[in-house]
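Sequence and predicted structure below; questions after.
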Amino acid sequence: MTYILRGGSLCNMVLLVPDDMPDDGASTLAGNVEEMRAIFTDWDPRISKLLALCESVSKWRLCIVQPLDSWYDPSGTFVLLGDAVHATLPYLASGAGISFEDAAVLGDV
């Protein structure tokens, strides 16, 4: 998944690969740009062109999240939506889409 940010001055690309992060460590770590480029060498040449422009990379572990007992605060002042409460793999901004669906349902009820 690739998308433009900050009025076109920044491009974010999400690539999924098996994780080699320590089991007991952080869920986000600095990555190695050259290692990332090497992993995708034989993929579509457009990916290599984009990765040639990359200045930094982060490793972000996909985690299994236990269900919450409640998605809202008892005070009624806030509610969690989207992938904050029902996490998905990061395909096509599905977490953001789920947030809109959640908001539509809340608005309807």
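Arrived safely, thanks for sending.

Leu106: neighbour count?
12 (other Cβ atoms under 10 Å). Where C-beta positions appear, they are placed from N, C-alpha and C, glycine not excepted.

For the closest residue to it other than its chain neighbours, which residues are in contact?
Spatial nearest neighbour of Leu106, excluding adjacent residues (Cβ to Cβ, 6 or more residues apart in numbering): Val79 at 6.8 Å. Val79 makes contact with Trp71, Tyr72, Asp73, Leu106, according to Cβ atoms under 8 Å, 6 or more residues apart in numbering.

Those in strands, which ones?
Counting by DSSP state E, the contacts of Val79 place none of their members in strands.

Just the ones in helices from those, please.
Judged by DSSP state H, helices contain the following of the contacts of Val79: Leu106.

can you tell me which of the contacts of Val79 lies nearest to Cys63?
Of all those, Cys63 sits closest to Trp71, with 18.2 Å by Cβ to Cβ.

what are the phi and psi values for the closest one?
Dihedral angles of Trp71 (phi, psi; degrees, to the nearest 10) stand at phi -100, psi 0.

Show me where the chain has its strands.
Applying DSSP E to the chain gives strands spanning 2-5, 10-13, 28-30, 58-60.

Now do the contacts for the residue nearest to His86 when sequence neighbours are not counted.
Nearest residue to His86 in three dimensions, chain neighbours excluded: Ile98, at 6.6 Å (Cβ to Cβ, 6+ apart). By Cβ under 8 Å, 6+ apart, the residues touching Ile98 are Leu81, Gly82, Asp83, His86, Thr88.
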